[in-house]
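*Asks:* Everything below, folded, please.
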Amino acid sequence: MRLVETRAELDAARAALPGTVAVVMTMGALHAGHEALLRAARAGADSVVATIFVNPLQFGPNEDFDRYPRTMEADLEMCRRTGVDLVFAPHRDEVYPGGEPHVRVNPGPLGELLEGASRPGFFHGVLTVVLKLFNLVRPDLAFFGEKDYQQLTLIRRMVLDVNLPIEVRGVPTVREADGLALSSRNRYLTEAERLAALRLSAALRAGAAAAVGGADADGALAAAHRIFADGTTDVVLDYLVLLDPDLGPSPGHGPARMLVAAKVGATRLIDNAPIDLG
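*Replies:* From the prediction side, this is the model:
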């Protein structure tokens, strides 16, 4: 495995990679969810590139850029263990050589909903850095986790709309044994908060179970909302919605996606799951 930090080093190393090239983009603090992405990329391509870059554009003024964990040695060890060929871990000036970019990717209407409504400008920052890294790495395949489902949907749409020759593949969410979706932010939770955070995955299971039992979209959503209906203040719900797989209006039947976001203590968590409506 080779580690590079500059665009010039990346260009030279990328040119030497054989066959199809897959990329997995991360902000570091890698966990088992990232490992699943890296293993999927390893299985799906001849060469694998991992990027490690904490993108400042996707942090709001009151969010945790400085607090975000940096665990480079452990991250590199995971990359070695999963068979990554090349790690690109650039400094800020390599990604944004002109300083904060004046031109950014506009995510369109979908980027202003859900996470975009709660975190204004978030998806402008995400799509801008993803497009930059696509241009720098020049992959054939890109692997992203379904845990960040709105992000995955927007990246797929960007690739389609700007005609990038890249296949985007989603990888299912990796969970703890008790159902909690893996996230780099889980480490911020106290023991009591972690227990409270299980409400997010419990709500998704309740919605899915109601749909299996014959409930329509309203019934499945109502079942999920009941998980948060006891008046407790340890989990503050932001949104809980049921939409179609492309995040359009909820379908009357067939495949759908339930998405939830909540603040647990001082930590904001998201989760989602597929649901089949009849």
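
*Asks:* And Arg2, its phi and psi?
*Replies:* phi -120, psi 140 (degrees, to the nearest 10).

*Asks:* what's across from it in the sheet?
*Replies:* Beta-bridge partners of Arg2, counted by DSSP bridges, are Leu86.

*Asks:* Does it touch Leu86 like I think?
*Replies:* Yes - counting by CB atoms under 8 Å, Arg2 does reach Leu86; the two are 5.3 Å apart. Bear in mind the C-beta positions are built from the backbone N, C-alpha and C, glycine included.

*Asks:* Show me which of these two is the more surrounded one.
*Replies:* Leu86 (23 against 15; other CB atoms under 10 Å).

*Asks:* Quick check: Leu247 is in a strand.
*Replies:* No - under DSSP: H, G, I helix; E, B strand; the rest coil, Leu247 sits outside any strand and is assigned coil.

*Asks:* Look up how far Leu136 lies from the spatially closest residue to it that is not a sequence neighbour.
*Replies:* Once flanking residues are discounted, Leu247 sits nearest to Thr153: 5.3 Å by CB to CB, 6 or more residues apart in numbering. Look at Thr153 and Leu136: by CB to CB, to the nearest Å, they are 23 Å apart.

*Asks:* who's more crowded, these two?
*Replies:* More neighbours surround Thr153 than the other of Thr153 and Leu136, with 22 against 19 (other CB under 10 Å).

*Asks:* The more buried one: what's it in contact with?
*Replies:* Leu110, Asp246, Leu247 (CB atoms under 8 Å, 6 or more residues apart in numbering).

*Asks:* what does Ala206 give?
*Replies:* Ala223, Ala224, Arg226, Ile227.

*Asks:* Domain-wise, how is the chain divided?
*Replies:* 2-171, 186-273 (the TED database).

*Asks:* Could you dump those into a markdown table and include distance to Leu180 and mean pLDDT?
*Replies:* What follows is those, written out as a markdown table (distance: least, CB to CB, whole Å; pLDDT from 0 to 100):
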| stretch | distance to Leu180 | mean pLDDT |
| --- | --- | --- |
| domain 2-171 | 11 | 96 |
| domain 186-273 | 6 | 95 |
